[in-house]
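Asker: kindly return the folded structure for what I paste below:
(one chain, ligands or ions: 1)
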Amino acid sequence: MTDDSTKKSSGNSTVSRRRLLATAGAAGAAGLAVGAGALAATNSSASPAATPAAGSGDAGARTPLTALGANAHPFHGAHQGGIVEPAQARMLSTAFDLTPGTARPGLASLMKRWSAAAAALAAGRTPPGLSDDGSALDAGPSSLTVTFGFGASVFAKAGLTAQLPAALAPLPAFPEDKLDRRRSDGDLWVQVCADDALVAFHAMRTLQRLAAGAATVRWQMSGFSRSPGATARPRTGRNLMGQIDGTNNPKPTDPTFDARVFVPAKTDPAKTDPAKDQPAWMAGGSYAVFRRIRMLLDPWDLQSTDRQERVIGRHKASGAPLSGGTESTPADLGKLGPDGGLAIPGDAHIRVATPDANQGAAMLRRGYSYHDGFRPDGAPDAGLLFVAFQSDPRTGFVPVQLKLSRADALSVFISHESSGLYAVPGGAADPDGYVGQALLEA
Ligand code: HEM
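Answerer: Numbers count the residues shown, from 1 in each chain. Predicted structure coming up:
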């Protein structure tokens, strides 16, 4: 867990949306003050007796919310939410395009409306300016986070070309990309994550309604992750190939974490300034790479477990590297197996992707699984909504994906189908401010 909850001002003291306080009682209200780290601990201890039986309807005003529903991440802070928090169970990712005629003032007005709504929703309050559609009535914030990003195309439309970050240069065409441009890119990117599907829907629907007249939906995708409490103890999640995924992510406790994930504030114009070609308005921000990666699960499921493990370089059941140890043991890339060959094969995914082999290139992967039914040939339309945050995609995602696309044993089992790159500004630290203010009011 991150110390995010301590960095951000809570704003939870006036929680009034839905029947939250009416039903939460002392336990629920306390839950609102905790962060996601506590969620993992509290989830499994939520008393079944406190939860209404399925189908029991309104179980009465004194039924407390579970810790899961009451858990909240404050919207305001130095960084936007939805980056460092542990992945919630549900994710909606939506790209919007500005409507013709929407320029900088219209975009600023939209970001104000969106930020105010996201702040209210994250705290469990009714968003201002709209009648509530009721789809999340009775639920607590359920760890809701909303993350806003700007695509490269929005800068010209909003008259902000001079503010376009060099780091937002189009991603190169990678070998084997099969991108559907209608489901790629977009002027604006909105990521909603929550531990409850109705809460996530309500938030995204609210934002879409608030965009009326200013922006329309270009594409939307829905993802899911493991629900908190589904395992006996908190553990790294699995993807649809059955692998433990996320083990070797940068950790918020790593001394290099912030430098890898967030754009630093400008220090001085000297060449050594790591933010030298980053615009000042991106301080505290990050860059999100979004890729819809379909998994070719039929051929994958025909592989032996041994072969599957050699493709990734880790044991499927435990997540331990093939060089030995447990999930958290660092991979020993030089170790030889009993046959004299490399224990972790030369084309194993973790060997090709590791920062050690990519000039330290690192990113925070925060992807979700998706399953959109079955294709005409019967194959699952399923895979990974890959989301990676980094301080600079030119030294993060790009070199790693260039290498993976040529040398990764996993490549024959996946297909990159859509792509987006977004500048995710820093958070709105001031409760009266909004995301993107430093850009739009520069
Ligand atoms: C469907 C596609 C993908 C699957 C199923 C997948 C799966 C995995 C798995 C199971 C691991 C090992 C556990 C872990 O450390 O998280 C891993 C590690 C990693 N993956 Fe992927 N991955 C995919 C795509 C990508 C892409 C597109 C990138 C970046 C361009 C990437 C970058 C990494 C990195 C940097 C690591 C950590 C390597 C290390 O230092 O050990 N992956 N991936």
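
Asker: what segments of the protein are strands?
Answerer: With strands called from DSSP state E, the chain shows them at 90-98, 145-151, 188-194, 215-224, 286-295, 364-365, 368-374, 380-390, 414-424.

Asker: wait, residue 122 sits on residue 145?
Answerer: Yes - assessed by C-beta atoms under 8 Å, residue 122 is found in contact with residue 145 at 6.9 Å. Yep, even glycine has a C-beta here, placed from its N, CA and C like the rest.

Asker: please identify which of these two sits among more neighbours.
Answerer: Between residue 122 and residue 145, residue 145 has the larger neighbour count (other C-beta atoms under 10 Å), namely 29 against 24.

Asker: so what pairs up with the more buried one in the strands?
Answerer: Beta-bridge pairing of residue 145, defined through DSSP bridges, involves residue 193.

Asker: offset the numbering so it begins at 2, please.
Answerer: Happy to do that; since the first residue is 2 now, the last one works out to residue 146.

Asker: next one: it relative to residue 295, how far apart?
Answerer: Counting by C-beta to C-beta, to the nearest Å, the separation of residue 146 from residue 295 is 26 Å.

Asker: over to residue 116?
Answerer: 34 Å.

Asker: ok, the two, which is more surrounded?
Answerer: Taking other C-beta under 10 Å, residue 116 and residue 295 do not tie; residue 116 has more neighbours (24 against 21).

Asker: show me the contacts for residue 310.
Answerer: Contact partners of residue 310, counting by C-beta atoms under 8 Å, 6 or more residues apart in numbering, are 316, 317, 323.

Asker: burial count for the residue in the stretch 52-201 of the chain positioned nearest to the ligand?
Answerer: Proximity of the stretch 52-201 of the chain to the ligand (C-beta to the nearest ligand atom) peaks at residue 175, 9.1 Å away. Here the number of neighbours of residue 175 (other C-beta under 10 Å) works out to 16.

Asker: how far away is the residue lying closest to it once chain neighbours are set aside from residue 421?
Answerer: Setting aside the residues directly before and after it, residue 175 is nearest to residue 406 in space (C-beta to C-beta, 6 or more residues apart in numbering), at 4.3 Å. Residue 406 is 17 Å from residue 421, where distance means C-beta to C-beta.

Asker: a markdown table for the strands of the chain, including mean pLDDT?
Answerer: Shown next, in a markdown table, are the strands of the chain (pLDDT from 0 to 100):
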| stretch | mean pLDDT |
| --- | --- |
| strand 91-99 | 98 |
| strand 146-152 | 98 |
| strand 189-195 | 99 |
| strand 216-225 | 98 |
| strand 287-296 | 98 |
| strand 365-366 | 98 |
| strand 369-375 | 98 |
| strand 381-391 | 98 |
| strand 415-425 | 98 |
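
Asker: redo those strands as TSV? Include distance to the ligand.
Answerer: Rendered in TSV, the data for those read as follows (distance: least, C-beta to the nearest ligand atom, whole Å):
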stretch	distance to the ligand
strand 91-99	15
strand 146-152	18
strand 189-195	17
strand 216-225	12
strand 287-296	4
strand 365-366	6
strand 369-375	10
strand 381-391	4
strand 415-425	4
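
Asker: about what we covered before: can you pick the most crowded of the contacts of residue 310?
Answerer: residue 323 (23 neighbours).
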